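Peer 1: sharing a model prediction with you, sequence too.
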Amino acid sequence: MAGGNARYVRYIVIAFFCLVVIYFVSGTKYDPVPLNPAGAAPNPNVQTPPQQAPAEKPVGDAKKEKPVDKKPAPSVEKPDYAAMAMSPSDPGWDDLNTINKGPRMNATFVTLARNSDIWEIAKSIRQVEDRFNRRYNYDWVFINDQPFDESFKKVTTSLVSGNTYYDVIPEKHWSFPEWIDQEKAKKVREDMAQRKIIYGDSISYRHMCRFESGFFFHQEHMLKYDYYWRVEPSVDLHCDIHYDPFRFMVENKKKYSFVLSLYEYIETIPTLWDSTKKFMKNFPEHIEKDNSMKFLSDDGGETYNRCHFWSNFEVGDLNWLRSQAYTDFFNVLDKDGGFFYERWGDAPVHSIAAGLMLKKEEIHFFNDIAYFHVPFTHCPTGEQKRLDLRCHCDPKENFDWKGYSCTSKFFELNGMPKPDGWEEQAN
Ligand SMILES: Nc1nc2c(ncn2[C@@H]2O[C@H](COP(=O)(O)OP(=O)(O)OP(=O)(O)O)[C@@H](O)[C@H]2O)c(=O)[nH]1
Ligand SMILES: [Mg+2]
């Protein structure tokens, strides 16, 4: 009898053991984060493929091709994308930790930098990642007129949560075009040095401005993207970014955006408007009827009032910059030589193009993106806004409503009411 009991006990123990094994085998399974372009979990050390549509299949060797599967493809469930949380009452606003479910836009960050900018750009990247990109993992394209060194690549790749790409600028995009009179350009630099015009004596600054005006969007690794966000070394982001600015641009049909605007030094652009007028005359088909001329000119287009969007921050549409309209504009300016005979900046060039060739509602002011590039700050107006966005900027520093800013003009032109409290920040 004792032997029989022992057998029963043994059976019970074995059955229990089997149940435990089955429980653990099925219980340790978990649902992975869905691998839509949006959902890839971030692993800064793993280079995942870019988020764009896959490149076209290469034409294959017929013999090696698989037989065509005649069965209908299994239906793929469309991910149920939630609307973006734009204000604290929207669902998902408080979730600043998990990877955002998406969708992702076909977009990238872009930075033009020298190897020596490494620690200053590292600082900018860290803030962009902390305030936004660690939840979105967008790619980052770095561009340089010299090859990037290993240290630059190692540090930036470790900081960016998306993929990183490193492009060298082709010489023709960073040199004097053949129609430029080198002697004349040299005299201009000497004269500007005497007059102490900032960067007036610099050749590389001029190549930089011409490159940012006409070529960065044609760089090899930029070609696959539709939207860009420009980031410079030494900039600060002062508030959390709760929604995807790229997605905002796409969903609201925006093509260009800014956070700071101001007046350009006239000494650097004395004939830029003459060339612009030539362009308007020769290419009337490119001028948008419902444009922002009132932002650029106080006399109906006769003269330029020097207002421009500060281009060290931009989120914009690359296909617009690659359009025939923008190309024709840039070519007129480039032929006139003002990048070298004066010191035209890419900020007034982009701004005039956006102001004349885009519908006014296609230009967006990102009030929610608090930003600093020496010496100006955009810090959102309104205490509740700053608390909601967990900002750490000093509201007194906000440049938007001060006399040297053009942002009031942008608001007036677009019939936008200025936020409560703007008067207190006007001086
Ligand atoms: N590769 C490369 N990048 C440059 C060069 N000069 C400027 N840049 C980059 O071009 C962008 C604009 O240059 P900045 O020197 O910041 O010009 P700025 O913003 O007008 O002036 P700052 O007040 O000095 O910031 C930055 O992203 C720089 O890193 C250059 O000679 N080579
Ligand atoms: Mg700068």
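Peer 2: Okay, I see it. Since we're looking at a predicted model, the values are computed, not measured. Numbers count the residues shown, from 1 in each chain. Ligands and ions are numbered 1, 2, ... in the order given.
Peer 1: tell me which helix or strand the residue of the chain found nearest ligand 1 sits in.
Peer 2: Here the chain gets closest to ligand 1 at one residue, Ser204, 3.6 Å apart by C-beta to the nearest ligand atom. From N, CA and C alone the C-beta is placed, and that goes for glycine too. Using DSSP states H and E, Ser204 sits in helix 203-214.
Peer 1: list the contacts of the very next helix or strand once past that helix.
Peer 2: Following helix 203-214 in sequence order, the next helix or strand is strand 227-230 (DSSP H and E). Identification of contacts with strand 227-230 by C-beta atoms under 8 Å, 6 or more residues apart in numbering yields 105-111, 138, 217, 222, 245-246, 249-250, 311-318.
Peer 1: let's see strand 227-230 as CSV, backbone CA atoms only.
Peer 2: The C-alpha trace of strand 227-230 is given here as CSV (Å, rounded to 0.1, in the frame of the first residue of the first chain):
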residue,chain,number,x,y,z
TYR,A,227,11.5,67.1,-44.5
TYR,A,228,14.4,68.4,-42.6
TRP,A,229,15.1,70.0,-39.2
ARG,A,230,18.3,72.1,-39.2
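Peer 1: partner strands of it and their direction?
Peer 2: strand 107-112 (parallel), strand 314-317 (antiparallel) (DSSP bridges).
Peer 1: chain center to the shortest one, what's the gap?
Peer 2: Think strand 314-317. Its chain's average C-alpha position is 6 Å from that of strand 314-317, according to C-alpha atoms, centre = their mean, to the nearest Å.
Peer 1: re earlier: of the contacts of strand 227-230, buried ones?
Peer 2: 105-111, 138, 217, 222, 245-246, 249-250, 311-318 (16 or more other C-beta atoms under 10 Å).
Peer 1: buried residues in whatever helix or strand Phe410 lives in?
Peer 2: Using DSSP H and E, Phe410 maps to helix 407-413. For helix 407-413, the neighbour count (16+ other C-beta under 10 Å) marks Thr407, Ser408, Lys409, Phe410, Phe411, Leu413 as buried.
Peer 1: in space, what's closest to the third one - neighbours in sequence excluded?
Peer 2: For Lys409, the nearest residue in space outside its immediate sequence neighbours is Phe295; the separation is 5.5 Å by C-beta to C-beta, 6 or more residues apart in numbering.
Peer 1: please apply the same query to the fifth one.
Peer 2: Counting by C-beta to C-beta, 6+ apart, the nearest residue to Phe411 once its immediate chain neighbours are dropped is Lys418, at 5.5 Å.
Peer 1: how about the first one?
Peer 2: Taking C-beta to C-beta, 6+ apart as the measure, Thr407 lies nearest to Asp400, with 4.5 Å between them; neighbours along the chain are not counted.
Peer 1: my guess is the residue nearest to Lys409 contacts Ala354. True?
Peer 2: No - using C-beta atoms under 8 Å, Phe295 is not in contact with Ala354, being 9.1 Å away.
Peer 1: more neighbours, the two?
Peer 2: Ala354 (29 against 26; other C-beta atoms under 10 Å).
Peer 1: show residues contacting the helix holding Phe410.
Peer 2: With C-beta under 8 Å, 6+ apart, helix 407-413 has contacts from 260-261, 292, 294-295, 307, 360, 363, 365, 399-401, 416-418.
Peer 1: and the residues you listed, which are buried?
Peer 2: Leu260, Ser261, Ser292, Lys294, Phe295, Cys307, Lys360, Ile363, Phe365, Phe399, Asp400, Trp401.
Peer 1: and which of those residues is nearest Thr164?
Peer 2: Thr164 has its nearest neighbour among the buried ones among the contacts of helix 407-413 in Leu260, at 26.7 Å by C-beta to C-beta.
Peer 1: flag the shaky bits of the chain, pLDDT-wise.
Peer 2: For the chain, the stretches with pLDDT under 70 are 1-80.
Peer 1: wait, doesn't Phe176 sit right on Lys186?
Peer 2: No - Phe176 is not in contact with Lys186 according to C-beta under 8 Å; the separation is 10.5 Å.
Peer 1: so these two - more neighbours on which side?
Peer 2: Phe176 (16 against 13).
Peer 1: can you classify the more buried one by secondary structure?
Peer 2: coil (DSSP: H, G, I helix; E, B strand; the rest coil).
Peer 1: dump the residue contacts of Phe132.
Peer 2: Leu237, Asp240, Ile241, Pro245 are the contacts of Phe132 under C-beta under 8 Å, 6+ apart.
Peer 1: neighbours of the residue nearest to the second one when sequence neighbours are not counted, how many?
Peer 2: Okay, so that is Asp240. Leaving aside its sequence neighbours, Asp240 sits nearest to Arg390 (C-beta to C-beta, 6+ apart; 4.9 Å). Other residues lying near Arg390 total 12 when counted by other C-beta under 10 Å.
Peer 1: what of Arg114?
Peer 2: 16.
Peer 1: the residue in the stretch 1-150 of the chain that ligand 2 sits nearest to sits in which helix or strand?
Peer 2: With C-beta to the ion as the measure, Glu120 is the residue of the stretch 1-150 of the chain nearest to ligand 2, at 9.2 Å. Assigned by DSSP H and E, Glu120 belongs to helix 118-131.
Peer 1: contacts for that helix next, please.
Peer 2: 109, 111, 113, 140, 151-152, 155-156, 159-161, 231-237, 239-241.
Peer 1: cool, and stretch 265-273?
Peer 2: 192, 195, 197-198, 200, 303-304, 306, 333, 336, 338, 342-345, 348-349, 352.
Peer 1: quick one: terminal-to-terminal distance for it?
Peer 2: 13 Å (C-alpha to C-alpha, to the nearest Å).
Peer 1: swap in stretch 106-118?
Peer 2: Stretch 106-118: ends 26 Å apart by C-alpha to C-alpha.
Peer 1: and ligand 2, is it touching that?
Peer 2: No - applying C-beta under 5 Å from the ion, one finds stretch 106-118 separated from ligand 2 by no less than 9.6 Å.
Peer 1: that stretch near ligand 1 anywhere?
Peer 2: Yes - using C-beta under 6 Å from any ligand atom, we find that stretch 106-118 touches ligand 1 at Thr111, Leu112, Ala113, Arg114, Asp117.
Peer 1: so which of the contacts of helix 118-131 are in strands?
Peer 2: Phe109, Thr111, Trp140, Asp236, Leu237 (DSSP state E).
Peer 1: which of those sits closest to Lys254?
Peer 2: Phe109 (17.3 Å).
Peer 1: partner residues bridging that closest one?
Peer 2: Trp140, Trp229.
Peer 1: contacts only, for it.
Peer 2: Shown in contact with Phe109 (C-beta under 8 Å, 6+ apart): Val128, Asn133, Tyr138, Asp139, Trp140, Val141, Val160, Gly162, Tyr228, Trp229, Arg230, Val231.
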